[in-house]
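1. Give me a 3D structure for the following:
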Amino acid sequence: MSKIPCTVGILTLNCADSLSACLGSLKDFAEIIICDGNSTDETQKIAKDFGAKVIKQYDSNEPNLTCVMDKSAVREKNMLAASHDWYFFMDADDTLSPEVVEEIRVIVSLPRPEFLAYRLPTRIFLAGREIKYEATYPSYQLRLVHRLAHGRFKGPVHDHLVFDQSVAVGTLKNFYNFYWPKERVNEFWPYLKRYTDWEIKTIGFLSLASFLRWGLYRRLRTIVGYLLYRLPKMYLVHGFKNSMPLWIELTIVRYHFRILFLSIGKYLGQLKWVTIFGETLRGKDINRILANRCLREIEIWGRTLDIGSGQQASYYRFLKMIKWQRLTVVDINPKANPDLVLDIEKESWPFADNYYDQVLAFNIFEHLSDPFKVIKESFRVLCPEGRLIGGVPFLVNVHADPHDYWRFTEESLAKLFAEAGFKTGEIKPVGRGPFLAGYLQTEFLFPRFLKILILPLLFGLDKSLKIIKPKVDWTGKYPLSFVFIASK
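-> The predicted structure follows:
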């Protein structure tokens, strides 16, 4: 019998235990593409033994790269590598039944298929036992799509296919079966909890309206629907014997509750004054708070070298850290718990040329007798198109750590970066105006609760200056610090 003219795409990372069964169910398909995160077990060998094509999830040789918060982009890469017009995607711990395989064979062999995309009804098997009734039944997943549908993947954690609304979707008759092993059932809440953490890291509410709709209303509707309608109806009509166990259903409700509360916290944490008050209570000065807020739209990925920082630097709470990364922290002080104790001025850097995607240098240049040497060395270890990201204080008291040599202006930073070989540089002044600049010099005198009362007044006074003299760049004239990105 001829092969089915359809590509099957699978994401893998150390899936040797389940991959053979998965690929065995796909033997009739003409092409299987494994998009792998550089697994260190037998995953790639098993895939090649089955004749599957193996590609990398990321352009890197780093082992064991996870894409749990970047799934849509990786799925997209897998789909774009397909040779056939029809594409089906699945996970390495799933298998396709012979009935589904034959149904797909019929559809993709039609010269003029009725639909360009198909969804499948789903069924769950719990430790080998079929769950005939579950709160989300009937549940469908769209997994088969034709190239002409121009499908694309959406959702960094829970990825799914989307396309133009003009594309009609058909439904297969046979089920896509999910087999939950005993280990997953036993660890069901830790499993869901990990997903909540990943989801919250990737959520970004652009407005109050988007938060109210997606973070609040839809989540509350799901919770209320489960508790007041779906679960009572299911157990009253079908009983408990063939239904999903109640404790699992309630764990799913618990998952939605956790997402709800974390979403509220995430949205509030994005608000300017919530951030300022919260970080003030943490003990951060207004200079550091405003500089960190400038980092919210900066994403770091890949190999990252952080020079002169401890493992718990405050800016990690603000930088986007969604894609895969390997972070190496170096510091002269072993008490900072770095990965490597290193005097970055006096000792040679034990890193290869063109190795890192980013070098982070926050509040370090002012402490170096020769900052240009460190900037030049950062340029050496950065890969092509790599970036030097960091910040320097300007209006700040002398703070030897162990020395304090310099204060930098925008011009001096631009000159240092250009002389080191960086092609482009973005340097942003941080501050508001002279009132906040003056306050910074005496901020250490005020207790934290009093700072919360003073700061809104100072922001208001600086804002009034912008109204009185709108043509003056008050932030650039009275900067507290500078945040920069220099690109190689």
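2. Check which residues of the longest helix along the chain are buried.
-> Assignment by DSSP state H gives helix 246-270 as the longest helix of the chain. For helix 246-270, the neighbour count (16 or more other CB atoms under 10 Å) marks 248-249, 252-253, 255-256, 258-260, 262-263, 266-267, 270 as buried. Yep, even glycine has a C-beta here, placed from its N, CA and C like the rest.
3. Equivalent analysis for stretch 86-96, please.
-> For stretch 86-96, by 16+ other CB under 10 Å, it's Trp86, Tyr87, Phe88, Phe89, Met90, Ala92, Asp93, Thr95, Leu96.
4. of the residues you listed, closest to Leu295?
-> Closest to Leu295 out of the buried residues of stretch 86-96 is Phe89 (34.4 Å), distances taken as CB to CB.
5. what sits opposite the closest one in the beta ladder?
-> Going by DSSP bridges, Phe89 is paired in beta bridges with Gly9.
6. quick one: contacts for it?
-> Contacts for Phe89 (CB atoms under 8 Å, 6 or more residues apart in numbering) come out as Val8, Gly9, Ile10, Arg75, Asn78, Met79, Arg143, Leu161.
7. Mind putting the residues you listed into CSV with pLDDT, distance to Ser481 and neighbour count?
-> Conversion of those to CSV gives the following (pLDDT from 0 to 100; distance: CB to CB, whole Å; neighbours: other CB atoms under 10 Å):
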residue, pLDDT, distance to Ser481, neighbour count
Val8, 98, 52, 28
Gly9, 98, 46, 25
Ile10, 98, 47, 24
Arg75, 97, 40, 23
Asn78, 97, 43, 21
Met79, 97, 44, 21
Arg143, 97, 50, 23
Leu161, 93, 45, 23
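8. Show me the residue at the heart of this structure, geometrically.
-> Ile322 (2.2 Å; CA atoms, centre = their mean).
9. And the buried residues of stretch 86-96, which is closest to Leu126?
-> Using CB to CB, the buried residues of stretch 86-96 come closest to Leu126 at Asp93, 14.2 Å.
10. Give me the secondary structure label for that closest one.
-> coil (DSSP: H, G, I helix; E, B strand; the rest coil).
11. residues contacting it?
-> Cys15, Ser18, Cys22, Tyr179, Pro181.
12. Dump those residues to TSV, plus neighbour count, distance to Gln57 and pLDDT.
-> As requested, the contacts of Asp93 are exported to TSV (neighbours: other CB atoms under 10 Å; distance: CB to CB, whole Å; pLDDT from 0 to 100):
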residue	neighbour count	distance to Gln57	pLDDT
Cys15	23	13	96
Ser18	18	18	94
Cys22	24	17	97
Tyr179	16	24	92
Pro181	14	24	89
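13. In strands, which of these appear?
-> Among the contacts of Asp93, DSSP state E puts Tyr179 in strands.
14. now, among the contacts of Asp93, which is nearest to Asn363?
-> Nearest to Asn363 among those, with distances taken as CB to CB, is Cys15, at 42.4 Å.
15. how about the closest one, what does it touch?
-> Cys22, Ser39, Asp41, Thr43, Ala92, Asp93 are the contacts of Cys15 under CB under 8 Å, 6+ apart.
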